[in-house]
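Chemist: For reference, the sequence and a predicted model appear below.
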Amino acid sequence: MSRPASQPPADSAADSNRSSYNTIQPSPRSRMTYAGRMTLAFACTAIMTVLILVCVLAIVWTNQFQSYTRENMQRTAQSMAESLSQAYESSGGWTDESIETVREYAQTMDDVGVQLKDAAGDVLYDDARVAQIQTQGHGSMVFPGNDYHYVSADVILQDGTRVGTIQFWAISSDAFLTKTDSAFRTNSYGAIFTAGIVAIVLACVLGYFVSRALTKPIKRITSTASQIRNGDLSARTGLRGDDEMGRLGETFDDMATTLEKDIKLEHRLTSDVAHELRTPLMAMQATVEAMQDGVLPADDEHLATVAIEVRRLSRLVDAMLKLSRMENGKTPLRIERCDVVALASGLVTYQAQLFSDNGLGLSFSNETGHDQLFAEIDPDLIREALVNLMSNALRYTPEGGKVNVSVAKSRSDVLISVQDTGMGIAKEDIPRVFSRFWRSDASRERVAGGLGVGLALTKEIVDRHNGTISVDSELGVGTKFTLSLPLEHRDARPQQNG
């Protein structure tokens with residue numbers, strides 16, 4: 001296999017005839033294998049998934065802990081407000097004794113700022129840390145006004161009179177968390193991080209084995225393709241299955257089998273063409289050289305021998321050219337509505353004398369139940385196909401044999417059969433009867449004089465009509481060829497004129 005070189009610039013007259021050719025590089029250009037790239041893709045996917053999951057969990061977890069901290073702060077503030085209410089009633093107002101409760105609590109909490117205001121909003125007690133937070137802030141301190149770290153509770157007497165407000169500011173988010181709460185939060189984040197690492201490692205391991213499993217059939221296909229390229233046409237992948245890889249392997253093996261058959265057919269075709277051309281050429285050469293040497297006279301008899309071989313070569317070349325054009329779709333179909341019964345019976349009538357001269361009986365059978373059966377066909381090509389089948393029967397049916405041409409109808413198809421009582425075809429040769437230049441061993445002596453391309457040409461004609469051709473044969477009994485043609489023609493491939 002090869003890749004074409006890039007085209008030269010259109011304005012480069014000097015290089016207009018330049019071309020280049022490069023073979024496929026035997027070793028891969030990329031250092032990273034397909035399996036490595038798949039493993040990396042799995043790892044990147046896992047990392048992205050873990051990062052997204054960690055971020056989402058961190059946000060949710062942080063919000064939950066902040067809510068939990070706020071609830072603790074609110075309960076503490078409410079408890080302090082109740083204590084201040086009792087102290088207020090015992091002291092008869094805001095005295096140093098009642099405010100001492102706030103001062104003692106503030107001294108026990110390192111990360112909490114406390115502020116007490118009376119009913120009029122005047123500050124009765126202001127922890128120095130509150131002023132610090134309000135003025136400058138530093139480190140992990142949280143400024144007042146943050147809903148999660150600022151709470152307040154009204155100091156209400158038993159008669160419902162509001163006499164003041166106690167306010168708490170948490171300088172850090174851990175101020176109202178117990179050691180158990182803090183440890184639980186730390187362990188939770190650690191567990192999330194550990195789970196992320198484990199997930200990434202598992203994704204890499206899984207990606208490695210999955211990529212190996214996926215690339216294994218690809219490597220087998222690549223190895224098989226290399227063997228076929230190096231001349232081992234029997235190499236096969238052996239892959240089977242219902243998934244894409246299994247179907248790819250089966251398709252590749254089918255392609256390799258077809259390629260092997262085509263190459264063998266090409267080699268056989270080359271050999272057969274050489275054989276077919278050599279026989280008349282050698283006869284002509286021998287005759288001409290004999291006449292040149294004076295061994296044979298250059299009379300009409302010997303010139304006629306040369307002319308016969310020339311016509312034989314001409315027929316062979318014409319048949320090969322016609323078959324090639326038919327296979328390439330260069331022979332246009334001239335479809336018309338034609339009476340198949342009349343076409344077949346007319347051919348039988350026209351060929352009857354020829355068969356009679358060779359000691360054979362030729363008959364026609366109309367099995368349609370009607371006098372006419374119209375189909376959309378190319379009458380000239382179908383007539384040529386029938387002539388090929390009838391000529392084939394004529395050659396391989398011994399004297400005294402019979403040949404019958406019949407027309408029948410099957411659903412939406414017309415069936416045209418040519419049946420003889422000839423030598424028949426061996427079972428192992430049936431699949432090859434439509435190959436170019438194929439003839440059974442019994443007919444290789446060339447007594448019958450066939451070119452060996454008639455059946456191949458007939459098959460191409462039937463294929464162009466979107467029909468089928470079948471053969472049923474038994475050695476020593478006879479052979480039956482049947483053409484199945486659709487009554488209504490539908491183009492299966494575009495026609496090419498030329």
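Modeler: Cool, got the structure. Numbers count the residues shown, from 1 in each chain.
Chemist: Doesn't residue 187 lie inside a helix?
Modeler: Yes. The assignment for residue 187, made by DSSP: H, G, I helix; E, B strand; the rest coil, places it in a helix.
Chemist: in the stretch 1-150 of the chain, what spans have low per-residue confidence?
Modeler: Confidence mapping of the stretch 1-150 of the chain against pLDDT under 70 gives the ranges 1-32, 109-111, 128-149.
Chemist: those helices in it, which residues are they?
Modeler: Along the stretch 1-150 of the chain, the segments classed as helices by DSSP state H, counting those that start in this stretch run 34-91, 96-108, 128-135.
Chemist: Quick one: the strands in this structure, in order.
Modeler: For the chain, the strands defined by DSSP state E cover 2-4, 21-23, 112-118, 123-126, 150-156, 162-170, 336-339, 361-366, 374-377, 402-410, 413-420, 468-474, 478-486.
Chemist: what's the closest of those strands to residue 244?
Modeler: Ranking the strands of the chain by distance to residue 244, with CB to CB as the measure, places strand 2-4 first at 26.1 Å. C-betas here are computed from N, CA, C, even on glycine.
Chemist: State the distance from the residue nearest the centre of the chain to residue 97.
Modeler: Centroid-nearest residue in the chain: residue 244, 7.0 Å away (criterion: CA atoms, centre = their mean). Between residue 244 and residue 97 the distance is 86 Å, computed by CB to CB, to the nearest Å.
Chemist: Please apply the same query to residue 406.
Modeler: Separation of residue 406 from residue 97 (CB to CB): 130 Å.
Chemist: of the two, who's got more company?
Modeler: residue 406 (19 against 11; other CB atoms under 10 Å).
Chemist: Which pLDDT value does the model give the closest residue to the more buried one other than its chain neighbours?
Modeler: Closest residue in space to residue 406, ignoring its immediate chain neighbours: residue 365 at 3.9 Å, by CB to CB, 6 or more residues apart in numbering. Looking at residue 365, its pLDDT reads 94.
Chemist: how close does residue 365 get to residue 417?
Modeler: As judged by CB to CB, residue 365 and residue 417 stand 9 Å apart.
Chemist: Kindly report the same for residue 390.
Modeler: With CB to CB as the criterion, residue 390 and residue 417 are 11 Å apart.
Chemist: Next, show the common contact partners of these two.
Modeler: Here residue 390 and residue 417 have residue 405 as joint contacts, going by CB atoms under 8 Å, 6 or more residues apart in numbering.
Chemist: circling back: show me what contacts the residue nearest to residue 406?
Modeler: 404-407.
Chemist: Mind putting the residues you listed into TSV with distance to residue 460?
Modeler: TSV is the format used below for those (distance: CB to CB, whole Å):
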residue	distance to residue 460
404	25
405	21
406	23
407	22
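Chemist: Identify, from these, the entry nearest to residue 370.
Modeler: Taking CB to CB as the measure, residue 370 sits nearest to residue 407 out of those, at 10.0 Å.
Chemist: what's the spacing between that closest one and residue 156?
Modeler: For residue 407 relative to residue 156 (CB to CB), the value is 113 Å.
Chemist: Look at those two and report which has more neighbours.
Modeler: Between residue 407 and residue 156, residue 407 has the larger neighbour count (other CB under 10 Å), namely 23 against 16.
Chemist: re earlier: how about the helices of the stretch 1-150 of the chain in a markdown table, adding distance to residue 427?
Modeler: Formatted as a markdown table, these follow (distance: least, CB to CB, whole Å):
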| stretch | distance to residue 427 |
| --- | --- |
| helix 34-91 | 47 |
| helix 96-108 | 107 |
| helix 128-135 | 103 |
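Chemist: And those: which comes nearest residue 166?
Modeler: Proximity to residue 166 (CB to CB) singles out helix 34-91 among the helices of the stretch 1-150 of the chain, at 5.1 Å.
Chemist: so what does that closest one touch, helix or strand wise?
Modeler: Where contact means 3 or more CB pairs under 8 Å, 6 or more residues apart in numbering; DSSP states H and E, helix 34-91 is packed against helix 96-108, strand 150-156, strand 162-170, helix 179-229.
Chemist: ok, 10 Å please
Modeler: If contacts are counted by 3 or more CB pairs under 10 Å, 6 or more residues apart in numbering; DSSP states H and E, helix 34-91 sits against helix 96-108, strand 112-118, strand 150-156, strand 162-170, helix 179-229.
Chemist: Now distance to residue 354 too, for those, in CSV please.
Modeler: Putting the helices and strands packed on helix 34-91 into CSV (distance: least, CB to CB, whole Å) gives the following:
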stretch, distance to residue 354
helix 96-108, 128
strand 112-118, 122
strand 150-156, 117
strand 162-170, 116
helix 179-229, 49
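Chemist: and of those, who's closest to residue 477?
Modeler: Of all the helices and strands packed on helix 34-91, helix 179-229 sits nearest to residue 477, with 41.5 Å by CB to CB.
Chemist: now the closest one against helix 34-91, angle please.
Modeler: 170 degrees (axes from the mean of the first three to the mean of the last three CA atoms, to 10 degrees).
Chemist: excluding its backbone neighbours, what's nearest residue 453?
Modeler: Residue 453 sits nearest to residue 319 (CB to CB, 6+ apart), 4.6 Å away.
Chemist: That neighbour reaches residue 457, doesn't it?
Modeler: Yes. The pair residue 319 and residue 457 passes the contact test of CB atoms under 10 Å, sitting 6.7 Å apart.
Chemist: Ok, which of the strands of the chain comes nearest residue 207?
Modeler: strand 2-4 (31.8 Å).
Chemist: residues making contact with stretch 291-302?
Modeler: 286-290, 303, 305-307 (CB atoms under 10 Å, 6 or more residues apart in numbering).
Chemist: before we move on, back to that, between residue 319 and residue 457, tell me which one has more neighbours.
Modeler: residue 457 (22 against 18).
Chemist: Residue 381 is in contact with the more buried one, correct?
Modeler: Yes. Proximity of residue 457 to residue 381 meets the contact threshold set by CB under 10 Å, at 9.5 Å.
Chemist: sorry, back to before: kindly present the contacts of stretch 291-302 as JSON lines, with separate columns for distance to residue 344.
Modeler: Below are these laid out as JSON lines (distance: CB to CB, whole Å):
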{"residue": "286", "distance to residue 344": "43"}
{"residue": "287", "distance to residue 344": "41"}
{"residue": "288", "distance to residue 344": "44"}
{"residue": "289", "distance to residue 344": "48"}
{"residue": "290", "distance to residue 344": "47"}
{"residue": "303", "distance to residue 344": "40"}
{"residue": "305", "distance to residue 344": "37"}
{"residue": "306", "distance to residue 344": "38"}
{"residue": "307", "distance to residue 344": "34"}
